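Colleague: compute the structure for the input listed below.
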Amino acid sequence: MDDVPVGLIAMGVLALLVVIAVIQAIKVIPQAQAAVIERLGRYNRTTEAGVTWLVPFIDRIRARVDLREQVVSFPPQPVITEDNLTVSIDTVVYFQVTDPKAAVYEIANYIVAVEQLTTTTLRNVVGGMNLEQALTSRDAINTQLRGVLDEATGKWGIRVARVELKAIDPPPSIQDSMEKQMRADRDKRAVILTAEGARESAIKTAEGQKQAAVLTAEGAKQAAILTAEGERQSAILRAEGERASQFLRAQGQAKAIEKTFAAIKQGKPTPELLAYQYLQTLPTMARGDANKVWMIPNDFGKSLQEMAQAFGKKGDDGVFRYEAGEPDADAPKPGDVDEDVKDWFASTTADAALDAVRKAEAAAQMPVDEAPLTAPRPRPMADPGAEPPLTLASPPAATPQPTPEPPATGASPEDETSS
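Modeller: From the prediction side, this is the model:
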């Protein structure tokens, strides 16, 4: 040691002090952090990210503060609600240091302070609610907590961004009751929904049955109308046919009587022939199941004698004989066919029969519902080029009956009856 010069030792110590001073003078602050610097024990300044120069052995960094938003989850805290139920509530607080100097010098440990402040504020807020309100008012609780904490931590240089309730756990007995209540409520909703579904189904079914009944009634109504219309037209056609048939039979009988009397008149029968024909007709008149007894008047022979005297001429032997006159050359002979009934005996040709069949088919295929119900059924249009259809002779117009003249004044009804 005696050989080492004193000056060299001093230079080494000096160099060491210079290195230590340089190390203490140069500090690097990371991003999103701030450093609170004190000089001789007093607050000097707050530096942010970057290189910071300190006076060696005089300045020092009091604390490094994280400026990022921090998340702190607190353990479950027992809270008594307004209805004296103890629930366990977990909270999460999001906060950020906005003033590093206040966070360092105004509060000793701002994280513990925020936790305790959150607990007391939560008890105050939830204590004014019952369990149901606490379970259904999380947003209101979060808003009140954030407002109270932000106001209280403002002087500590801390800004509370938001507060969230992680869980609200009621006691086990209350949880069991809540589960039963929830199950009962769900059962109630299920019953209500089932009843509403049954009600809707019944309404829909009734509406469907109503519409079906209405449609069925309308269909029956239309069918009854069409049936009645068809029966009416059928009855009209049958009546028209019956009327034409009766008229034709009357025409035939009239013509037959006319021809019979013409033939009798032309033949000029003798009274003996008339008597003979009368006697032959009597058995025919008496024939019948209902005729058991036939009464012949006493003056039957006298009647025959008077009829023979009326038509005949008494001869020399006292017998009345009918003498026929000269035959009329212009009078129609028996067997001749009159001009007005000549078409009665004309046979229908095949073409006319086919034309009648086609017209009948066209009339049958015409829909009934197209014609108005109150109007008569339209007849098929006749072909202009075809022969005129066979028509029945129209009955003669009814001759108006003369109005009986009133009886003469002074004549009694008995007189008219007797006359």
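Colleague: do a quick rundown of the helices in the stretch 51-200 of the chain.
Modeller: For the stretch 51-200 of the chain, helices defined by DSSP state H, counting those that start in this stretch occupy the ranges 100-105, 110-127, 131-136, 138-153, 172-267.
Colleague: of all these, which one comes closest to D330?
Modeller: With CB to CB as the measure, helix 172-267 is the member of those nearest D330 (11.4 Å). Where you see a C-beta, it was placed from the backbone N, CA and C, and this is true even at glycine.
Colleague: name the next helix or strand following the closest one along the chain.
Modeller: Heading C-terminal from helix 172-267, the first helix or strand you meet, by DSSP states H and E, is helix 271-286.
Colleague: over that next one, what's the mean pLDDT, rounded is fine.
Modeller: Averaging the model's pLDDT scores along helix 271-286 yields 75.
Colleague: dump the helices of the stretch 51-200 of the chain to JSON lines, plus mean pLDDT.
Modeller: Formatted as JSON lines, the entries for these read as follows, by pLDDT from 0 to 100:
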{"stretch": "helix 100-105", "mean pLDDT": "92"}
{"stretch": "helix 110-127", "mean pLDDT": "89"}
{"stretch": "helix 131-136", "mean pLDDT": "84"}
{"stretch": "helix 138-153", "mean pLDDT": "88"}
{"stretch": "helix 172-267", "mean pLDDT": "91"}
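Colleague: hey, which of these is tucked in deepest?
Modeller: Among the helices of the stretch 51-200 of the chain, judged by mean count of other CB atoms under 10 Å, the one packed with the most neighbours on average is helix 100-105 (a mean of 19).
Colleague: can you give the contact residues for that one?
Modeller: Outside of helix 100-105, the residues within contact range by CB atoms under 8 Å, 6 or more residues apart in numbering are 34-36, 43, 46, 62-63, 65, 67, 97, 110, 155-158.
Colleague: just those residues now: which is nearest T260?
Modeller: After measuring these against T260 - CB to CB - the closest member comes out as I158, at 144.4 Å.
Colleague: residues near the residue lying closest to that closest one once chain neighbours are set aside, how many?
Modeller: Setting aside the residues directly before and after it, I158 is nearest to F95 in space (CB to CB, 6 or more residues apart in numbering), at 5.3 Å. Around F95 sit 24 other residues, with neighbours defined as other CB atoms under 10 Å.
Colleague: quick check, pLDDT for F95.
Modeller: Confidence at F95, expressed as pLDDT, is 92.
Colleague: so it bridges to which residues?
Modeller: Per DSSP bridges, the residues bridged to F95 are Q70, V160.
Colleague: wait, what's in contact with it?
Modeller: E69, Q70, V72, V114, L149, T153, I158, R159, V160, A161.
Colleague: excluding chain neighbours, what is closest to the first one?
Modeller: Which is E69. Q96 (4.3 Å).
Colleague: that neighbour and L122: what is the separation?
Modeller: Using CB to CB, to the nearest Å, one obtains 20 Å as the distance from Q96 to L122.
Colleague: try K180
Modeller: Counting by CB to CB, the gap between K180 and L122 amounts to 28 Å.
Colleague: can you check L14 too?
Modeller: Remark: distance between L14 and L122 (CB to CB) = 61 Å.
Colleague: before we move on, what SS does I37 have?
Modeller: Secondary structure of I37, reduced to three states by DSSP: H, G, I helix; E, B strand; the rest coil: strand.
Colleague: show me the beta-bridge partners of it.
Modeller: Those that pair with I37 in a beta bridge, by DSSP bridges, are R45, I61.
Colleague: before we move on, the earlier item: adding distance to V51, write the helices of the stretch 51-200 of the chain out as JSON lines.
Modeller: Below are these laid out as JSON lines (distance: least, CB to CB, whole Å):
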{"stretch": "helix 100-105", "distance to V51": "18"}
{"stretch": "helix 110-127", "distance to V51": "27"}
{"stretch": "helix 131-136", "distance to V51": "52"}
{"stretch": "helix 138-153", "distance to V51": "31"}
{"stretch": "helix 172-267", "distance to V51": "58"}
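Colleague: end-to-end on stretch 50-70?
Modeller: End-to-end distance of stretch 50-70: 22 Å, with CA to CA, to the nearest Å as the criterion.
Colleague: buried residues of that stretch, list them for me.
Modeller: For stretch 50-70, burial by neighbour count (16 or more other CB atoms under 10 Å) applies to T52, L54, P56, D59, R60, R62, V65, L67, Q70.
Colleague: name the residues that touch it?
Modeller: 20-22, 24-29, 32-40, 43-44, 94-97, 100, 103-104, 161.
Colleague: buried only: go through the residues you listed for me.
Modeller: In those, burial by neighbour count holds for 27, 29, 34-38, 44, 95, 97, 100, 103-104, counting by 16+ other CB under 10 Å.
Colleague: just the residues you listed now: which is nearest G318?
Modeller: For the buried ones among the contacts of stretch 50-70, the nearest to G318 is F95 (170.2 Å; CB to CB).
Colleague: distance of that closest one from A108?
Modeller: Relative to A108, F95 is positioned 16 Å away (CB to CB).
Colleague: swap in L274?
Modeller: As defined by CB to CB, L274 lies at a distance of 167 Å from A108.
Colleague: the more surrounded of those two?
Modeller: Higher neighbour count among L274 and A108: L274, with 17 against 8, using other CB under 10 Å.
Colleague: and of the helices of the stretch 51-200 of the chain, who's closest to I80?
Modeller: When the helices of the stretch 51-200 of the chain are ranked by proximity to I80, the top entry is helix 110-127, at 6.3 Å, counting by CB to CB.
Colleague: how about the CA coordinates for the closest one, as CSV?
Modeller: Taking only C-alpha atoms (Å, rounded to 0.1, in the frame of the first residue of the first chain), the coordinates of helix 110-127 have been written out as CSV:
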residue,chain,number,x,y,z
TYR,A,110,-55.7,4.7,-2.9
ILE,A,111,-56.6,1.1,-3.9
VAL,A,112,-57.5,0.2,-0.3
ALA,A,113,-59.3,3.5,0.0
VAL,A,114,-61.4,2.8,-3.1
GLU,A,115,-62.3,-0.7,-1.8
GLN,A,116,-63.5,0.6,1.5
LEU,A,117,-65.3,3.4,0.0
THR,A,118,-67.0,1.1,-2.5
THR,A,119,-68.1,-1.3,0.3
THR,A,120,-69.6,1.5,2.4
THR,A,121,-71.3,3.1,-0.5
LEU,A,122,-72.7,-0.3,-1.7
ARG,A,123,-74.2,-0.9,1.7
ASN,A,124,-75.8,2.5,1.8
VAL,A,125,-77.3,2.1,-1.7
VAL,A,126,-78.5,-1.6,-1.3
GLY,A,127,-79.6,-1.0,2.2
